[in-house]
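Visitor: structure here, sequence nowhere to be found:
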């Protein structure tokens, strides 16, 4: 079985090369991101394997089907970059990696919270210049504060466990609350408006759907506690970036930690330091000293990258051997609300 991997980096090749012999697949790697203009690179493949910045829209899937591709395998949990209706129409199953390491993303979210609260990024640059002043570096005790968690899937539950360890109160919101989990974890499910108004720190862990796209906009921000720290390690389009910028300028939002950005495809995972940034919105975000933007690296631990490779190859093996596809995603509404 021939597999073409798009959007690959050296670490992808290392992980997949370590296990390819165990699965016996023929693998072809491409650094370019899949889209309708370069889909011909998949010619002769039985499956294509894609990541977050690849585009499997209806036209791309039509062309994939025309050249005999039988499976789309995602190396990530999210699937908003795949037209599931088109995939179903052309009879191409879509599989994903639902839980490569909830610890990795949850720990990255905590790292962003701590760095922003205690101004670690600012202190780092100051002391390198010999400036050991404490002016402007005051944070707050996380103990006793309230964290608002949107979405309570695997990553969010790991984050909640960590934050409870800090002694924080946790309120959560989910389209499908789990009362048993809430009782066991010692958290409370509340309406979104109440979460916004109570939380000192808000962290987003819900999938990108029509219901959640731009859920953080002017209205949501207006309901938030002044000075709130907003963390997004989920999907960029959960936040309307211009509304976020307005909230930062008006001091409504005290700080923002973003591992994702709604227009990240042109920048993330690439070295663009030798050219002028032409995304004015991203450039504005990066100008705030109370904003940290990381390059969609929350997943990026040794354990997670290896888990991604193993689960992806197992998904493909299951398809090749006509077994049940445990990690298949379909166009039905119930799949659209699965948590990250």
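Guide: Okay, I see it. These numbers were taken from a predicted model, which means no experiment stands behind them. Numbers count the residues shown, from 1 in each chain.

Visitor: every contact and neighbour count from this point should use C-alpha atoms.
Guide: Noted.

Visitor: can you give me the helices for the stretch 151-300 of the chain?
Guide: 154-165, 179-185, 192-198, 218-222, 241-249, 280-286 (DSSP state H, counting those that start in this stretch).

Visitor: to clarify, my last question referred to the stretch 1-150 of the chain.
Guide: 10-23, 58-66, 84-89, 102-117, 120-128.

Visitor: on that earlier part again, now distance to residue 28 too, for the helices of the stretch 151-300 of the chain, in CSV please.
Guide: Listed next are these as CSV, based on distance: least, C-alpha to C-alpha, whole Å:
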stretch, distance to residue 28
helix 154-165, 31
helix 179-185, 43
helix 192-198, 45
helix 218-222, 45
helix 241-249, 36
helix 280-286, 33
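
Visitor: highest average neighbour count across the helices of the stretch 1-150 of the chain?
Guide: helix 102-117 (a mean of 21; mean count of other C-alpha atoms under 10 Å).

Visitor: helices or strands next to that one in the packing?
Guide: Counting contacts by 3 or more C-alpha pairs under 8 Å, 6 or more residues apart in numbering; DSSP states H and E, helix 102-117 packs against helix 154-165, strand 228-232, strand 253-258, strand 291-293.

Visitor: contacting residues around the closest residue to residue 291 other than its chain neighbours?
Guide: Nearest residue to residue 291, sequence neighbours excluded (C-alpha to C-alpha, 6 or more residues apart in numbering): residue 256, at 4.8 Å. Shown in contact with residue 256 (C-alpha atoms under 8 Å, 6 or more residues apart in numbering): 116, 229, 230, 231, 290, 291, 292.

Visitor: picking that back up, tabulate the helices and strands packed on helix 102-117 in a markdown table, adding columns for distance to residue 95 and mean pLDDT.
Guide: Formatted as a markdown table, the helices and strands packed on helix 102-117 follow (distance: least, C-alpha to C-alpha, whole Å; pLDDT from 0 to 100):
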| stretch | distance to residue 95 | mean pLDDT |
| --- | --- | --- |
| helix 154-165 | 18 | 97 |
| strand 228-232 | 24 | 98 |
| strand 253-258 | 27 | 98 |
| strand 291-293 | 29 | 98 |
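
Visitor: mind checking which of the ones you listed is nearest residue 222?
Guide: strand 253-258 (9.6 Å; C-alpha to C-alpha).

Visitor: show me which residues of the closest one are buried.
Guide: Neighbour-count burial for strand 253-258, counted by 16 or more other C-alpha atoms under 10 Å, picks out 253, 254, 255, 256, 257, 258.

Visitor: would you turn these into JSON lines with distance to residue 207?
Guide: What follows is the buried residues of strand 253-258, written out as JSON lines (distance: C-alpha to C-alpha, whole Å):
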{"residue": "253", "distance to residue 207": "23"}
{"residue": "254", "distance to residue 207": "25"}
{"residue": "255", "distance to residue 207": "22"}
{"residue": "256", "distance to residue 207": "19"}
{"residue": "257", "distance to residue 207": "18"}
{"residue": "258", "distance to residue 207": "15"}
